[in-house]
Every structure is written in structure tokens, then in C-alpha cells.
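Peer 1: here is a sequence together with a model predicted from it:
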Amino acid sequence: MSIPFIILGIVVVLIVYAIMIYNGFVKSRVQVNGAWSDIDVQMKRRYNLIPNLVETVKGYANHEAGTLEKLTQARTAALSNEGSPQDQAQSENVLTGALKSVFAVAEAYPELKANENFLSLQEDLAEVEEQIQAARRYYNGSVREMNTKVDQFPGNIIARRFNFTKAEFFELDEADGAARQPVAVSFD
């Protein structure tokens, strides 16, 4: 009579263990989704600052319309991109490059660099860039944790059974070394 209880006990322990692993996957998935949401919020803050930056620069640098148009197009493309983290990263790379071009243009206009509104926008963008980087680090840490759980035994068995898959990292384009550089913000 004790052998059936032992077998029943082992089965109960295995079921409880499987439930704990499953709940760990659910927690990790929620954490990854929340981390992605944090990145999305910070990128939207950045997108909202860009029209003000464009209007401020337009007032001083009318003949730099091409640079401002590229920034506006990059913002629109990034804002409308709802693809994978890698797709979003590519849009962000283009936007970062366009922002760098605008700040490079601003260097040629001392009156613009001294403009209070422009300086305020530079500060706001610098703050948002830092927050985006922090959100990216948190997201990638959450993805790393989730992916490790998906790969490790015995979690990989539960992951396959319940369709838990690896999440995608938010990575900058390896070919674009310029995208790895921070946006130049100068307070000269």
C-alpha cells in the first residue's frame, strides 16, 4: 500500500514542479512585454520632441530643408514601425543618424545653439536617449532571462509543450558603427 502512495507523491511533485516552471515562463514573458512597453514609451517621448526640434531649427537654418526632411521622414517611419524588435531597431538607427545630422547642422548656427528653446530640446533629447538606453538594457536582460529558461532543461520541455519561444533582442545594426555612438548633444 505504500508504493502507490510513493508513486502518487512523485506524480504530485512532478506536476507541482511543472506548474512552477510554467508560471516562471509566464512571468518572464510578462516581464519581456513590460520591458518592451518601456522602450516604446521612451521612443514615443523622443518622437514627440522631434517636431519641436525641426520647427526650432527651421527658423534658423532655412536652407537645411533636406536634413530636416530626412529627420521628419525617419521619425514617421520609426513611429509607424510596429514590427519586431530588430525591425524597430533598424528604424531607430535611421532616426538616430538623422538626429545627428540635425545637431551637426546646428553647429554652424551660433544663434541657434544659443536659442533657449533649442537648448531645452537638446536637454530633453539627451534625457530621453539615456532613458531609451536604460530601457533597452532592461529589455535585453529580460529577453536573456527568458531565452535562458527556454533553452535550459527541463524548462525546454515545458517551453516546447506550451509554445514558449525565445524573444528577440533589441540590437543595433552591427554594420552601422555610427548608430552605436550616442546622439551628439552640445551645450557650447
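Peer 2: In hand now; what should we look at?
Peer 1: contacts for the helix or strand of the chain with the lowest mean pLDDT next, please.
Peer 2: Across the helices and strands of the chain, mean pLDDT, DSSP states H and E gives its lowest value to helix 110-114, namely a mean of 76. For helix 110-114, contacts defined as CB atoms under 8 Å, 6 or more residues apart in numbering pick out 56-57, 60-61, 106-107, 118-119, 186, 188. Using the backbone N, CA and C atoms, a C-beta is placed for each residue, glycine as well.
Peer 1: go through stretch 28-36 and flag the buried ones.
Peer 2: 28-29, 31-32, 35-36 (16 or more other CB atoms under 10 Å).
Peer 1: tabulate those residues (a markdown table), appending distance to Ile132.
Peer 2: A markdown table is the format used below for the buried residues of stretch 28-36 (distance: CB to CB, whole Å):
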| residue | distance to Ile132 |
| --- | --- |
| Ser28 | 22 |
| Arg29 | 22 |
| Gln31 | 18 |
| Val32 | 17 |
| Ala35 | 12 |
| Trp36 | 12 |
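Peer 1: looking at the contacts of helix 110-114, spot the one nearest Gln73.
Peer 2: Val57 (15.2 Å; CB to CB).
Peer 1: that closest one touches Phe103, doesn't it?
Peer 2: No - in this structure, Val57 is not within contact of Phe103 by CB atoms under 8 Å, at 9.3 Å.
Peer 1: more neighbours: which of these two?
Peer 2: Using other CB atoms under 10 Å, the more surrounded residue of Val57 and Phe103 is Val57, with 23 against 18.
Peer 1: secondary structure element for that one?
Peer 2: Taking DSSP states H and E as the definition, one finds Val57 inside helix 2-60.
Peer 1: for that helix, packing partners?
Peer 2: If contacts are counted by 3 or more CB pairs under 8 Å, 6 or more residues apart in numbering; DSSP states H and E, helix 2-60 sits against helix 65-80, helix 85-106, helix 110-114, helix 116-151, helix 155-161.
Peer 1: how about the second one: buried residues?
Peer 2: So the one you mean is helix 85-106. The neighbour-count check on helix 85-106 (16+ other CB under 10 Å) flags 85, 88-103, 105-106 as buried.
Peer 1: got the angle between it and helix 116-151?
Peer 2: With axes from the mean of the first three to the mean of the last three CA atoms, to 10 degrees defining the directions, helix 85-106 sits at 160 degrees from helix 116-151.
Peer 1: helix 85-106 - contacts with which helices or strands?
Peer 2: Against helix 85-106 (3+ CB pairs under 8 Å, 6+ apart) you get helix 2-60, helix 65-80, helix 116-151.
Peer 1: show me where pLDDT drops low in the chain?
Peer 2: For the chain, the stretches with pLDDT under 70 are 1, 62-63, 172-188.
Peer 1: make it 50
Peer 2: Scanning the chain for pLDDT under 50 picks out 174-180, 185-188.
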